[in-house]
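Q: take this sequence and fold it.
(one chain, ligands or ions: 1)
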Amino acid sequence: MRIILKWPSGSNHWLGEHPLDAALQMWKQHGIDGILIPLLPWEPSATFALERYPESCREYGLECWFLISVFNNPRFLQRYPDERVIGRKKETIAYPGWFAPICPSSSRFLDEWIAWAEDLLKDKKADALVLDHLFVPVFWYGSGGNVAEEEWPPYCYCNRCLSRFEESVRKPLEDVTALDWIRWQQTRISAALEAIRACLDRCIATRKIGVQVPPLASPGSLQPRPQYAGLNLEALKEHTDFTSPVVYHGILGWSADQVLAYLVEWIARTPQPVVPSFQVTRTHWDRNHRDPAQTVRQLLYRITPLPVEAVTLFHAGDLLTPEKLTAVLP
Ligand SMILES: [Zn+2]
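A: Next comes the predicted model:
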């Protein structure tokens, strides 16, 4: 099982004061197998990252993965505020700097994303590419992943989504059910996934493309409910090479046992390779007060009997010293 470290930086950008070569060398020596580098659409840092990081990773024998966000983009929303998502009570949601969800029916956004990716990734190489927020926006950090079915979906109720949904479901909006919404949102997300996969196949040479799957479950249950984010297992199977279930135990308030039980369920449902995404460092959103590093260390030991090819470590701001790396990694 390979351990892939998401570039650890609080701002989701770059390390700043940490010299790149020293960091890569330290990670390689402590058992990290690859680096997952965020490419932020429309940010100049994406061009810089592509020029600098793949080569540096290869120099130190590390795999180079890219992480690209889809329906979450502050830069795009600055330009087109009307493309934001609208909640059930006509509310909007955004956390400046990192969560700026885009309406999943926005063809303007998808067209621009594809044009950006084709231009930026043309003739580039990566060991793998992970797509994040390729689902109907859902702020699971706030809900702890709990699905309140009677209030589903939380987003998007913009006029465009409402009229398209009503046209598709062919009944008045007051008669629709959560299941009607889920089926319609799945068609939107599956279509976006198909278009994005075709784009990536045209431009970047990579062995594998995967999707981050948010940890949604009914309250008190560890049964994964990806459909509540508009994800469809058949579409995932057709257009991706692996899935990356997100299990940030601190934010979810889950123990190691609960994380493993959820992953066992996920693995049983999908024939594809599974790359779990773990949390290393405490965050503002954490629901329990355990030391997250201790739990992730346990998880990295206990997950080995499961058919897992690799794991990605997110919220890994602590992994910038040899002492912390030794404390966390098996
Ligand atoms: Zn919408």
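
Q: and the stretch 151-300 of the chain, which of its residues are near the ion?
A: With the criterion set to C-beta under 5 Å from the ion, the stretch 151-300 of the chain comes near the ion through 156, 158, 161. Every residue, glycine included, has its C-beta placed from N, CA and C.

Q: surely the first one touches C103?
A: This means C156. Yes. With contact defined as C-beta atoms under 8 Å, C156 reaches C103; the gap is 5.0 Å.

Q: now the common contact residues for these two.
A: Each of 85-86 lies in contact with both C156 and C103 under the rule C-beta atoms under 8 Å, 6 or more residues apart in numbering.

Q: doesn't G61 make contact with I35?
A: No. Using C-beta under 8 Å, I35 makes no contact with G61, being 11.4 Å away.

Q: with neighbour numbers in mind, choose between these two.
A: Using other C-beta atoms under 10 Å as the criterion, I35 and G61 rank with I35 on top: 25 against 11.

Q: in what helix or strand does that one lie?
A: Here I35, judged by DSSP states H and E, is contained in strand 34-39.

Q: what helices or strands is the helix or strand following that strand leaning on?
A: Once the chain leaves strand 34-39, the next helix or strand it forms, by DSSP H and E, is helix 44-59. For helix 44-59, the packing partners by 3 or more C-beta pairs under 8 Å, 6 or more residues apart in numbering; DSSP states H and E come out as helix 20-29, strand 34-39, strand 63-69, helix 107-121, strand 124-126.

Q: tell me what angle the strand holding I35 forms with helix 20-29.
A: Interaxial angle of strand 34-39 relative to helix 20-29 (axes from the mean of the first three to the mean of the last three C-alpha atoms, to 10 degrees): 140 degrees.

Q: what are the contacting residues of strand 34-39?
A: 2-7, 12-13, 24, 27, 46, 49-50, 53, 57, 62-69, 120, 127, 130, 310, 312.

Q: pull out the buried members of those residues.
A: Using 16 or more other C-beta atoms under 10 Å as the burial test, these include 2-7, 24, 27, 46, 49-50, 53, 57, 62-69, 120, 127, 130, 310, 312 as buried.

Q: quick check: mean pLDDT of stretch 40-58?
A: The predicted model assigns stretch 40-58 a mean pLDDT of 87.

Q: what is the neighbour count of the closest residue to N288 other than its chain neighbours?
A: Spatial nearest neighbour of N288, excluding adjacent residues (C-beta to C-beta, 6 or more residues apart in numbering): G253 at 4.7 Å. Other residues lying near G253 total 16 when counted by other C-beta under 10 Å.

Q: go ahead and confirm G253 touches W285.
A: No. Between G253 and W285 no contact is recorded; they are 10.0 Å apart, counting by C-beta under 8 Å.
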